[in-house]
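Novice: Below are the sequence and a predicted model; questions follow.
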Amino acid sequence: MSTNENPPSSNFIRHIIDNDLKENKNNGKVATRFPPEPNGYLHIGHAKSICLNFGIAEEYKGTCNLRFDDTNPEKESDEYVQAIMRDVQWLGFQWSELRHASDYFEQLYDYAVQLIKDGKAYVDSLSAEQIRAYRGTLTEPGKESPDRNRSVEDNLDLFKRMREGEFADGQYVLRAKIDMASPNINMRDPALYRIRRVHHQRTGDKWCIYPMYDYTHCISDALEGITHSLCTLEFEDHRPLYDWVLDQLKTPSHPQQIEFARLQLKYTIVSKRKLNQLVTEKHVSGWDDPRMPTIAGLRRAGFTPKSIRDFCERIGVTKQNSWIEMGVLEYCIREDLNENAPRAMAVLRPLRVVIENYPEDKTEYLEISNHPQKPEFGKREIAFSRVVLIEQDDFAEVPPPKYKRLVEGGEVRLRGTYVIKCNQVIKDADGNITELRCTYDPDTLGKNPEGRKIKGVIHWVAEAHSRPAELRLYDRLFKVPNPDNEENFLEALNPNSLEVLTDCRVEASLADAKPESRYQFERTGYFCLDAKDSVGGKLVFNRTVTLRDTWEKN
RNA sequence: UGGGCCGUCGCCAAGCGGUAAGGCACGGGGUUUUGAUCUCCGCAUACCAAGGUUCGAAUCCUUGCGGCCCAGCCA
């Protein structure tokens, strides 16, 4: 289970549970479940639900099952099942029991037979279009199907033959007999079973009828002894149906459904249909593209499980529709990585600096600490010699006001080493700066020069002692706060969401970086070694997030 | 225009009749060999609005206003 140091904050669901416990409801037990449909990868919105369900189970010493809601085989697959299990565990949670709604198909069928026997369900021959027409509208009641009063015997017979495959897909449907005039449309005789000749990833071709969500979910919860069935707000209108089904049947328990607001993050989408489209139409490299709001994408970008858990804790759980700013997620990952990522140096856009008064054949191995505030992170050796590479941005011919980096005639410290002074700017025929000729002050290693203040410190690598690397700079995938509002969300894609830098140089110690290891590249951001593309000695780093920058903002 | 739900700082969010927590963001000072981190300070006489009940209301009542969800044989 997870180990979040931040104590969970109170929310209305915990209040309800506290109250239930006080009244000894459910004999003091707390049982939750996380019920994803395996029709896509898990995303940050699921993380909220996972943290809530598993977190509550943990806090109340209860249980939390992972249950796949696999009642619609058309869209579901084992690839998704595997990915979901991997992501839940990576987030730091372990389910009490692994279940599938399809484990209950036989029982679900028996319960349906019971409903029919009790006159609470009937087989309808209306087509999908007719059912829609009969349903009425939001303001007008629906009308009853001619089949609504079919005899129990006929219903039993037809339902059995539905299962046996006697009918074509869509020819019949099993419906609950509730109230066609209900102001709640979900109660106007909702479908319980449909005929669908589709291979199911777990049950194969055993079934040609599949139960609907509303019917399946409540019974699955009841069979598992779930006490608190947490779901998102759009299911609020379904709660009467959830309760109705369980009220008609002798299920082992009657869980309480509680709804909370789903996560909405600015500049992202979490619609599985749209995420799927991004993948299949190759707008991103896959479900785990670092720009994707999926758990797999966040992982590949370098987010830590802890930072995501922390994020879910910070945003709270309420019934209010709300939009979380990206800044909160960014804060969470920066906080974790600032604490736990070792520092290193990488030059994204190199500019050659020749230190003219430093001997050609000399190399010094200097010690530099891996974390400025944490001596326990230890030190590493870093090579310094006559030619170093600095960031192009760290030199300016015409510096903006308050610029504290290198300028012609000015001084700056190379992090962890000496103060250098720029004496000459070398340009090519087109006027591009190609090289800086500098001198260093040998008396500034580990101490400040006397009589002058060096304002700037810049990062660097020694040309001869650095390694080539590819750095991928990611930015938000969308350029508008709510892409879902766009007529076509694809037009809201940020064309600059990925910048690939192939001429970067990183310090030699990074040659041994392990896949998925995270570093702070000083002054530029947090990076994670890409586990997929760093092959054959090639170093590919993904930028997780930039460092907070109060200078660029002006 | 039917039903369900929600309105507390720019964004989240505590609060549950006794006089507005906290976080993010933002602004300012200090420390710093990362313009990072850290640290200090500031940031709602005000809780969608208007009435009412009360010694006392963000909390209770009434009426408005605004937003979200529902008419799949999807979940």
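Specialist: Nice, I can see it.

Novice: can you give me the strands for the stretch 401-550 of chain A?
Specialist: A:411-414, A:419-427, A:433-441, A:457-458, A:460-462, A:466-474, A:498-507, A:518-521, A:525-529, A:540-545 (DSSP state E, counting those that start in this stretch).

Novice: Hmm, A:V88 is touching A:N65, no?
Specialist: No - A:V88 lies out of contact with A:N65 (Cβ atoms under 8 Å); the separation is 11.2 Å. Backbone N, C-alpha and C define where each C-beta goes, glycine included.

Novice: Mutual contacts of those two, please.
Specialist: Residues touching both A:V88 and A:N65 (Cβ atoms under 8 Å, 6 or more residues apart in numbering) are A:F34, A:W95.

Novice: For RNA strand B, find the nearest of the strands of the stretch 401-550 of chain A.
Specialist: For those, proximity to RNA strand B was assessed by Cβ to the nearest atom of the strand; strand A:457-458 is nearest, at 3.7 Å.

Novice: re earlier: in JSON lines, list the strands of the stretch 401-550 of chain A along with distance to A:L98 and mean neighbour count.
Specialist: Compiled in JSON lines, the strands of the stretch 401-550 of chain A are given as follows (distance: least, Cβ to Cβ, whole Å; neighbours: other Cβ atoms under 10 Å):
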{"stretch": "strand A:411-414", "distance to A:L98": "55", "mean neighbour count": "22"}
{"stretch": "strand A:419-427", "distance to A:L98": "60", "mean neighbour count": "16"}
{"stretch": "strand A:433-441", "distance to A:L98": "60", "mean neighbour count": "17"}
{"stretch": "strand A:457-458", "distance to A:L98": "52", "mean neighbour count": "19"}
{"stretch": "strand A:460-462", "distance to A:L98": "48", "mean neighbour count": "25"}
{"stretch": "strand A:466-474", "distance to A:L98": "34", "mean neighbour count": "20"}
{"stretch": "strand A:498-507", "distance to A:L98": "36", "mean neighbour count": "17"}
{"stretch": "strand A:518-521", "distance to A:L98": "30", "mean neighbour count": "24"}
{"stretch": "strand A:525-529", "distance to A:L98": "30", "mean neighbour count": "25"}
{"stretch": "strand A:540-545", "distance to A:L98": "31", "mean neighbour count": "24"}
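
Novice: In JSON lines, list the ones you listed along with distance to RNA strand B and mean pLDDT.
Specialist: Shown next, in JSON lines, are the strands of the stretch 401-550 of chain A (distance: least, Cβ to the nearest atom of the strand, whole Å; pLDDT from 0 to 100):
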{"stretch": "strand A:411-414", "distance to RNA strand B": "5", "mean pLDDT": "98"}
{"stretch": "strand A:419-427", "distance to RNA strand B": "8", "mean pLDDT": "98"}
{"stretch": "strand A:433-441", "distance to RNA strand B": "11", "mean pLDDT": "98"}
{"stretch": "strand A:457-458", "distance to RNA strand B": "4", "mean pLDDT": "98"}
{"stretch": "strand A:460-462", "distance to RNA strand B": "11", "mean pLDDT": "98"}
{"stretch": "strand A:466-474", "distance to RNA strand B": "16", "mean pLDDT": "98"}
{"stretch": "strand A:498-507", "distance to RNA strand B": "14", "mean pLDDT": "98"}
{"stretch": "strand A:518-521", "distance to RNA strand B": "6", "mean pLDDT": "98"}
{"stretch": "strand A:525-529", "distance to RNA strand B": "9", "mean pLDDT": "98"}
{"stretch": "strand A:540-545", "distance to RNA strand B": "10", "mean pLDDT": "98"}
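
Novice: Pipe those into TSV and attach distance to A:R380 per row.
Specialist: Listed next are the strands of the stretch 401-550 of chain A as TSV, based on distance: least, Cβ to Cβ, whole Å:
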stretch	distance to A:R380
strand A:411-414	16
strand A:419-427	22
strand A:433-441	21
strand A:457-458	18
strand A:460-462	13
strand A:466-474	14
strand A:498-507	8
strand A:518-521	11
strand A:525-529	16
strand A:540-545	17
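
Novice: where's A:H238 relative to A:F12, distance?
Specialist: In this view, A:H238 and A:F12 are 19 Å apart by Cβ to Cβ, to the nearest Å.

Novice: who has more neighbours, those two?
Specialist: Comparing A:H238 with A:F12 by other Cβ atoms under 10 Å, the one with more neighbours is A:H238, at 20 against 13.

Novice: mind listing the helices for chain A?
Specialist: A:12-22, A:44-59, A:78-90, A:105-117, A:128-134, A:152-163, A:213-224, A:239-248, A:272-280, A:295-301, A:305-315, A:326-340 (DSSP state H).

Novice: Select, out of those, the one closest to A:Y440.
Specialist: Closest of those to A:Y440 is helix A:326-340, at 30.4 Å (criterion: Cβ to Cβ).

Novice: Specify the angle between that closest one and strand A:525-529 in degrees.
Specialist: Angle between the axes of helix A:326-340 and strand A:525-529 is 70 degrees (criterion: axes from the mean of the first three to the mean of the last three Cα atoms, to 10 degrees).

Novice: picking that back up, will you turn the helices of chain A into TSV that also has distance to A:D549?
Specialist: Putting those into TSV (distance: least, Cβ to Cβ, whole Å) gives the following:
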stretch	distance to A:D549
helix A:12-22	37
helix A:44-59	24
helix A:78-90	30
helix A:105-117	55
helix A:128-134	54
helix A:152-163	63
helix A:213-224	46
helix A:239-248	47
helix A:272-280	29
helix A:295-301	19
helix A:305-315	19
helix A:326-340	11
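
Novice: Skip the chain neighbours and tell me the closest residue to A:E360.
Specialist: A:R386 (5.7 Å; Cβ to Cβ, 6 or more residues apart in numbering).

Novice: Please apply the same query to A:L126.
Specialist: Closest residue in space to A:L126, ignoring its immediate chain neighbours: A:S145 at 5.3 Å, by Cβ to Cβ, 6+ apart.

Novice: I figured the one you found hits A:R175, correct?
Specialist: Yes - here A:S145 reaches A:R175: they are 7.5 Å apart, a contact under Cβ under 8 Å.

Novice: what sits in contact with each of the two?
Specialist: A:Y122, A:D124, A:D189.

Novice: What's the separation between the nearest residue to A:L501 once chain neighbours are set aside and A:G525?
Specialist: Computed as Cβ to Cβ, 6+ apart, the closest residue to A:L501 that is not its neighbour in sequence is A:L471, at 4.6 Å. Counting by Cβ to Cβ, the gap from A:L471 to A:G525 is 9 Å.

Novice: Identify the contacts common to those two.
Specialist: Shared contacts of A:L471 and A:G525, defined by Cβ under 8 Å, 6+ apart, comprise A:R543.
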